[in-house]
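J.: Fold the following.
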Amino acid sequence: MFGVSRITVAKAVAELQRMKLVTRRPGAGTHVQTGQPAESHTFGLLIPELGMTEIFEPVCHGMMRSPFARPGALLWGNASGTRSADSAADPGAEAEHLAHFFISQNVSGVFFAPLELIPARDSVNRRIIRSLDRAHIPTVLLDRNYLPYPERSAHDLVGSDNRAIGYLATNHLIELGVSDLVFFAGPNMTSAIEARIAGFHEALCRHNLYPSAESIWKGDPQDRSLLEDLLRQSKPGGMVCANDEVAAQLMHSLLALGIRIPEDIRMVGIDDVKYAGLLPVPLTTVRQNCTAIGIIAMATMLERLKHPELPTRDIHIAARLVVRRSCGAHLNTK
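T.: I've put the predicted structure just below:
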């Protein structure tokens, strides 16, 4: 039915047995486990950027679609009565308020996507984690760590391998023959972006193209003077952008300066947002499997509850390159 080998089927059935979803007895076969009371867990979703970016909506859908989830198991962060008047205008205060709300509800665990877009994100994220730890509530981090790259926290993390993503995007441009590359990020340098920069550096070194001080640029992609300095100092033939939002703004700015994409500068983004293919030059980018992140995050949380003694884990979901015109791959085939 599924077009897989007997070995794969055997492993899948063994996993179902380990999770006590089926029973297996020699001579009697395999049977769905019935008559057992279902575990009743409620989990808090602490995702401050939900609705602000396209990543977390499919992550949440993945959690709900997970075969390990129970209907009603997820307590959304915007539940009525959780927002105070002071926190409504302050994402950090609102996130802390939600964390305390989840603690008061005695949730079984919290899925937490650390804040990125506020200046005080580091201190806020640490306070949230400390409050959850004091309440002995297991926390699974989504997409990113709250500590600077490459530091590791004491909590499970499920997301894409951002270092591998940076490598993948950079290596693609190098294989197209681009040697003068820069990495461009917005003003908020998060652990995920730092990991992507590490992958950018690794790809350059792998091809004996060693990065310089002019290889990394950070700032407003709509700042004309900044871009003029970049073009004059680095003279890039290609640009790897921290994400698609930065890539979109940068593309419009470069086009306004008379730079042709991809003829003059080839570009790659990261995320594959819905408008990536609708930009003036359709954007080559790296697509994360956000639904799979949600499914695996739920399984990770349930396993953490059953086996709290397990070592802390980073679980990385593979991403894939989506090739469009901005990288100039079509130019190499002419």
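J.: any idea of the mean pLDDT for the helix or strand hosting residue 11?
T.: Using DSSP states H and E, residue 11 sits within helix 6-18. Mean pLDDT, helix 6-18: 84.
J.: Over to stretch 91-103?
T.: Mean predicted lDDT for stretch 91-103 stands at 94.
J.: Next: stretch 271-287.
T.: Stretch 271-287 shows a mean pLDDT of 97.
J.: distance between that stretch and the chain's centre?
T.: 17 Å (C-alpha atoms, centre = their mean, to the nearest Å).
J.: do stretch 48-67 as well
T.: 11 Å.
J.: pLDDT on it, on average?
T.: Stretch 48-67 carries an average pLDDT of 86.
J.: hey, C-alpha coordinates of stretch 3-20 in PDB?
T.: Extracted C-alpha coordinates of stretch 3-20, given in PDB (Å, rounded to 0.1, in the frame of the first residue of the first chain):
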ATOM      1  CA  GLY A   3       5.400   1.300  -1.500                       C
ATOM      2  CA  VAL A   4       8.100   0.700   1.100                       C
ATOM      3  CA  SER A   5      10.300  -2.300   1.900                       C
ATOM      4  CA  ARG A   6       9.400  -5.000   4.500                       C
ATOM      5  CA  ILE A   7      12.200  -3.700   6.700                       C
ATOM      6  CA  THR A   8      10.700  -0.300   6.800                       C
ATOM      7  CA  VAL A   9       7.300  -1.700   7.700                       C
ATOM      8  CA  ALA A  10       8.800  -3.900  10.400                       C
ATOM      9  CA  LYS A  11      10.600  -0.800  11.900                       C
ATOM     10  CA  ALA A  12       7.300   1.200  11.800                       C
ATOM     11  CA  VAL A  13       5.300  -1.600  13.500                       C
ATOM     12  CA  ALA A  14       8.000  -2.000  16.200                       C
ATOM     13  CA  GLU A  15       7.800   1.800  16.900                       C
ATOM     14  CA  LEU A  16       4.000   1.500  17.200                       C
ATOM     15  CA  GLN A  17       4.600  -1.400  19.700                       C
ATOM     16  CA  ARG A  18       7.100   0.700  21.700                       C
ATOM     17  CA  MET A  19       4.600   3.500  21.900                       C
ATOM     18  CA  LYS A  20       2.000   0.900  23.100                       C
END
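J.: can you list the weak-confidence ranges in the stretch 51-200 of the chain?
T.: Low-confidence segments of the stretch 51-200 of the chain, defined by pLDDT under 70: 68, 71-72, 77-89.
J.: Identify the residue nearest the geometric centre of this protein.
T.: Centroid check for the chain by C-alpha atoms, centre = their mean gives residue 143 as the closest residue, at 3.5 Å.
J.: Against residue 161, how distant is that residue?
T.: Distance of residue 143 to residue 161, given as C-beta to C-beta, to the nearest Å: 11 Å. For the C-beta atoms, the positions are set from N, CA and C on the backbone; glycine is no exception.
J.: Secondary structure of residue 286: a strand, I assume?
T.: Yes - assignment of residue 286 by DSSP: H, G, I helix; E, B strand; the rest coil places it within a strand.
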